[in-house]
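Student: When you get a sec, could you give me coordinates for this:
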Amino acid sequence: MQIGVPMEIKSQEYRVGMTPGGVRELVAAGHVVQVQTQCGARIGLTDDL
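Tutor: All right, here's what the predicted structure looks like:
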């Protein structure tokens, strides 16, 4: 299954649809996860995770 995680577009919204740990679990289960660039930047998560 392909799963996408988009960046929130509202100005005061800092939540992210999925944590790095959640992405790892889904990938380990055989899913393809695409996360929008800079999706977690507002909460201190980098694209390197």
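
Student: From now on I want contacts and neighbour counts done on CA atoms only, so please keep to that.
Tutor: Noted.

Student: Look at residue 23 and give its secondary structure.
Tutor: helix (DSSP: H, G, I helix; E, B strand; the rest coil).

Student: and it, what pLDDT?
Tutor: Residue 23 carries a pLDDT score of 95 in this model.

Student: show me what contacts it?
Tutor: Shown in contact with residue 23 (CA atoms under 8 Å, 6 or more residues apart in numbering): residue 33.

Student: Distance-wise, check it relative to residue 31.
Tutor: Taking CA to CA, to the nearest Å as the measure, residue 23 falls 9 Å from residue 31.

Student: Verify the contact between residue 26 and residue 34 for me.
Tutor: No - counting by CA atoms under 8 Å, residue 26 does not reach residue 34; the two are 11.0 Å apart.

Student: Those two - which one has more neighbours?
Tutor: With neighbours defined as other CA atoms under 10 Å, residue 26 and residue 34 compare such that residue 26 has more, 15 against 12.

Student: confidence score at residue 49?
Tutor: 72.

Student: how near is the spatially closest residue to it that is not a sequence neighbour to residue 35?
Tutor: Leaving aside its chain neighbours, residue 49 sits nearest to residue 20 (6.4 Å; criterion: CA to CA, 6 or more residues apart in numbering). The spacing between residue 20 and residue 35, counted by CA to CA, is 10 Å.

Student: Settle it for me: which of those two has more neighbours?
Tutor: A side-by-side neighbour count of residue 20 and residue 35, using other CA under 10 Å, places residue 35 first with 17 against 14.

Student: quick one, what contacts the more buried one?
Tutor: Residue 35 touches 4-6, counting by CA under 8 Å, 6+ apart.

Student: Just the buried ones from those residues?
Tutor: Buried members of the contacts of residue 35, scored by 16 or more other CA atoms under 10 Å, are 5-6.
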